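# Next come a sequence and a model predicted from it.
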2 protein chains.
Amino acid sequence: MRSVRVGYTARPLDMNQQIILVERPEGWVRPDHFKLVESPVPEAQEGEILVRNHWLSLDPYMRSRISAAKSYAQGVEPGQLMVGGTVGEVIESHSDRFKPGDMVLAATGWQLFAAVSAKQALKIEDDDVPPSAYLGVIGMPGITAWTGLMTICEPKAGETVVVDAASGAVGSVVGQLAKSVGCRVVGIAGGSAKCDFVVNELGFDACIDHKRSDFEKQLSAALPNGVDCLFENVGGAIFETLLPRMNVFSRIALCGMVSEFNRPPHAHHTLRSILINRIKLQGFIVSDHMETWPAIRQELRERVARGQIKFRESITQGLANAPSAFVGMLKGENFGKQLVRLID
Amino acid sequence: MRSVRVGYTARPLDMNQQIILVERPEGWVRPDHFKLVESPVPEAQEGEILVRNHWLSLDPYMRSRISAAKSYAQGVEPGQLMVGGTVGEVIESHSDRFKPGDMVLAATGWQLFAAVSAKQALKIEDDDVPPSAYLGVIGMPGITAWTGLMTICEPKAGETVVVDAASGAVGSVVGQLAKSVGCRVVGIAGGSAKCDFVVNELGFDACIDHKRSDFEKQLSAALPNGVDCLFENVGGAIFETLLPRMNVFSRIALCGMVSEFNRPPHAHHTLRSILINRIKLQGFIVSDHMETWPAIRQELRERVARGQIKFRESITQGLANAPSAFVGMLKGENFGKQLVRLID
């Protein structure tokens, strides 16, 4: 067994730790659907780098990967390592593209150490933004926001844009991008703290708390001119309520239906609006167009560096707490991009 | 009171007849929601023509116009003339664009005579196709088929295209156009006679009778490679069943939801397919893009003249029978384009 010594701790780390799936959940996910296992730190082969992960990203799409239902990606089977994006430090390199100490973005899963092909890792050379941002605002969630908003919604100045899960990793970027286009932006979020943040920190024009009993009334008041663009993360009853508020020739980017992960599918009664209002409703998955990512990431990075896009992180300490953090995120208990810090 | 004498009858026609709406129906439309009234034959003013209508078109969109619910067009109020497309003969002209005896297409409504601006009438000069075709295969329904299929579905050779209400004025053109692109075309229709026609006369690859108890099993058998393009006329349970059968990156042109006209909205449980399969679902109304009509009509006319597109008409005799023919059409009792013949 090898010992791996890393710079910021005097203690050698002998073992890798991983979170594996125990069983595919039906309904709500529980922490005991996962378990932490130990295994030797992997050895990096020629062309690979050994990475010690600092940050693990938790994202709603992971719920689909462990679902028994058909999804858009290969699922995680019981006994397998949970998938996920990570940012970490190269501690051993067998590639001339990286040297120990480099920070890298890679999809190495819920674990402390990973041997990964250098081709599958992106070097983080940025001083302007923290490495964790590569899992959020300038990572997959931010690129998701840009893609759905700019390529499906195509907002124009003066239009009204609505985004739900507005304080989250995706929604917060959607709204700030839409503001930069010159749109009226209305967020939907769960709770007054999130709504206050969305309006006061992120600069949305309004944010409606979907937990309020007068949600629909508040929503109507915030949408005097209807909705031209909807970036839909939540689905379910919120989506059903929004559909009749869409304007003629409006566009909907269907990014997620997190409200429907853990319960039977919602019964939607308002589809007629799609016909009457000639709505374009399009589902998308950001990983379908990886070739677009570098340019989008660069644009987002510059906006973040200039302070034009703000972001908030919800940080859980320690790999062992990843399952409960994941469950909490699915319940909306996070506030901003959900991360797990894997170093002390 | 003027008497209007027309060429094909020795009898002077003193009075116009019109069908007006009595009340806006809730649920199923009945013939007694309409009534026939008489009024003087209108006088054509300068720039107008007086038309004696030969054909009245009955179309599903008319149900929306008399609905109490919000629609995409101005509604018909109780006491008002029912709207509709007509083909007729010019019997008096105050415009140098037309002369008596010309056949014209115009939207003059459910009536025998109309004075209409010459600018609102299209001269029918065609010998290759009968005038009634300007209300069907080369009229609004045919142009609707072309528009939804070509601009939203964008079918490619080898793809599978599904259209419901397949034997109808729109569906029959959708399927024949899709065949000309090189697609596998599967129709859905009500009853074996319609399905036989769709396959044997129109050349669809298959047609499934939605009235059969084994509809879903038959549908699966006819769709071994899923669905790439759906031209949706019906909505409701058929649409719900089709959504999970859509392929990745498939397209849906939402043209109508006739199954939902006369009952409370269907509860749709399968919207998740839109996300998982990155479906584009787009509602459209053919009258949004009138500027495209002449070129599309010309293409359809040439195809019809060459025998590449076949069509079938369901003809009811006499204006007084228009309401019952309309009710029958909403119930699917027509077989092909529903017309009312207004001359003896």
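Structure received.
# need the helices for the stretch 151-300 of chain A, in chain order.
Along the stretch 151-300 of chain A, counting by DSSP state H, counting those that start in this stretch, helices occupy A:171-181, A:192-200, A:215-222, A:236-242, A:272-276, A:293-305.
# Does anything pack onto the helix or strand of chain A with the lowest mean pLDDT? Which helices or strands?
Lowest mean confidence among the helices and strands of chain A (mean pLDDT, DSSP states H and E): helix A:61-65, at a mean of 92. Contacting helix A:61-65 under the criterion 3 or more CB pairs under 8 Å, 6 or more residues apart in numbering or on different chains; DSSP states H and E is no other helix or strand. Just so you know, the C-beta spots here come from the backbone N, C-alpha and C atoms, and that holds for glycine as well.
# contact partners of it?
With CB atoms under 8 Å, 6 or more residues apart in numbering or on different chains as the test, helix A:61-65 has contacts from A:29, A:71-76, A:82-84, A:256, A:258, A:261-262, A:326, A:330.
# Most neighbours among those, please name it.
residue A:326 (29 neighbours; other CB atoms under 10 Å in any protein chain shown).
# Skipping adjacent residues, who's closest to it in space?
Using CB to CB, 6 or more residues apart in numbering or on different chains and skipping residues adjacent in sequence, the residue nearest residue A:326 is residue A:58, 5.1 Å away.
# Report the contact partners of that neighbour.
Per CB under 8 Å, 6+ apart, neighbours of residue A:58: A:84, A:322, A:325-326, A:329, A:334, A:338-340.
# For residue A:157, state which of the contacts of helix A:61-65 is nearest.
Looking at the contacts of helix A:61-65 and their distance to residue A:157, the nearest is residue A:256, at 26.6 Å (CB to CB).
# residues touching the closest residue to residue A:278 other than its chain neighbours, list them.
Among residues not flanking residue A:278 along the chain, residue B:283 sits closest, at 4.7 Å (CB to CB, 6+ apart). With contact set as CB under 8 Å, 6+ apart, residue B:283 has these partners: A:274-280, B:254.
# how does it look with 10 Å?
Residues near residue B:283 by CB atoms under 10 Å, 6 or more residues apart in numbering or on different chains: A:248-249, A:271-281, B:72, B:148, B:152, B:232, B:252-257.
# can you check residue A:310 too?
By CB under 10 Å, 6+ apart, residue A:310 lies in contact with A:137, A:172-173, A:176, A:197, A:201-203, A:303-304, A:336.
# Mind listing the residues bridging to the nearest residue to residue A:271 once chain neighbours are set aside?
In space, and not counting its chain neighbours, residue A:271 is closest to residue B:268: 5.7 Å by CB to CB, 6+ apart. Residue B:268 forms beta bridges with residue A:268, as assigned by DSSP bridges.
# What pLDDT does the model give residue B:268?
As predicted, residue B:268 sits at a pLDDT of 96.
# same thing with residue A:6?
Reading off the model, residue A:6 has pLDDT 49.
# Which members of the contacts of residue B:283 occur in strands, if any?
By the criterion of DSSP state E, membership of the contacts of residue B:283 in strands covers A:248-249, A:280-281, B:232, B:252-254.
# Out of the residues you listed, which end up buried?
Listed as buried from the ones in strands among the contacts of residue B:283 are A:280-281, B:232, B:252-254; burial here means 16 or more other CB atoms under 10 Å in any protein chain shown.
# Let me know the closest of the residues you listed to residue A:117.
Residue A:117 lies nearest to residue A:281 out of those, by CB to CB, at 37.8 Å.
# ok, that closest one - contacts?
A:152, A:230, A:232, A:239, A:243, A:246, A:250-254, A:271, A:273-274, B:252, B:254, B:271, B:274, B:279-283.
# how does it look with 8 Å?
Counting by CB under 8 Å, 6+ apart, residue A:281 touches A:251-252, A:254, A:274, B:274, B:280-282.
# Could you identify the most distant pair in those residues?
A:251 and B:274 (13.6 Å).
# can you list residues touching both of the two?
By CB under 8 Å, 6+ apart, the residues touching both residue A:251 and residue B:274 are A:281-282.
# From residue A:332, how far out is the residue nearest to residue A:278?
Note on residue B:283: its distance to residue A:332, by CB to CB, to the nearest Å, is 31 Å.
# cool, and residue A:303?
Taking CB to CB as the measure, residue A:303 falls 26 Å from residue A:332.
# repeat for residue A:245
Distance, residue A:245 to residue A:332, by CB to CB: 22 Å.
# any weak-confidence spans in chain A?
Applying pLDDT under 70 to chain A flags the ranges A:1-13, A:69-73.
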